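In: Can you look at this prediction? I've put the sequence above it.
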Amino acid sequence: MKNLKLCLNKIFSETQIFSIFKNKSNKKKQIKWTPEDISKCIVLRALSSKAYDFWKDKIGMPLPSASTLKIWCGKFTCSPGILKDVLLLMEKNCETLDDREKLCVLSFNEMHIDKKI
């Protein structure tokens, strides 16, 4: 069993492995997805919602539901300062981009930029 979990760690997150092993016996138990799981899934769903739904519904890949992703996005706040959630999403999205696609422009509108940043 430990060897199987070690192999699965190369593909799935801890939350997904928990979902595979623990949640099969109790379908009503809700999964607590981590921000990293959510970030990866938002990127995947943004690339192709049809592919996301196919992997989740037809293949049975343990992924958060579309409503979970929408709820998480609805709670997303943009307060002053460094937006760590945004940086996490950008980091996950950049894993699939080539060097040319990684170029970006950051634009600030009527904001004071702290000298520390």
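Out: That came in fine, so what should we check first?

In: Can you check the pLDDT for Cys7?
Out: pLDDT recorded at Cys7 is 83.

In: Name the helix or strand for it, please.
Out: Cys7 is part of helix 2-9 when elements are defined by DSSP states H and E.

In: Show me what that helix is packed against.
Out: helix 14-21 (3 or more C-beta pairs under 8 Å, 6 or more residues apart in numbering; DSSP states H and E). Just so you know, the C-beta spots here come from the backbone N, C-alpha and C atoms, and that holds for glycine as well.

In: Just give me how far the helix it packs on sits from the chain centre.
Out: Relative to the centre of its chain, helix 14-21 is centred 15 Å away, using C-alpha atoms, centre = their mean, to the nearest Å.

In: and it with helix 2-9, angle?
Out: If you take axes from the mean of the first three to the mean of the last three C-alpha atoms, to 10 degrees, helix 14-21 sits at 130 degrees to helix 2-9.

In: Can I get helix 14-21 in PDB? Just the C-alpha atoms.
Out: Extracted C-alpha coordinates of helix 14-21, given in PDB (Å, rounded to 0.1, in the frame of the first residue of the first chain):
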ATOM      1  CA  GLU A  14      -2.200  14.600  -1.000                       C
ATOM      2  CA  THR A  15      -5.800  15.800  -1.100                       C
ATOM      3  CA  GLN A  16      -6.400  13.800  -4.300                       C
ATOM      4  CA  ILE A  17      -4.900  10.700  -2.800                       C
ATOM      5  CA  PHE A  18      -7.000  11.200   0.300                       C
ATOM      6  CA  SER A  19     -10.000  11.400  -2.000                       C
ATOM      7  CA  ILE A  20      -9.100   8.200  -3.700                       C
ATOM      8  CA  PHE A  21      -8.500   6.100  -0.600                       C
END
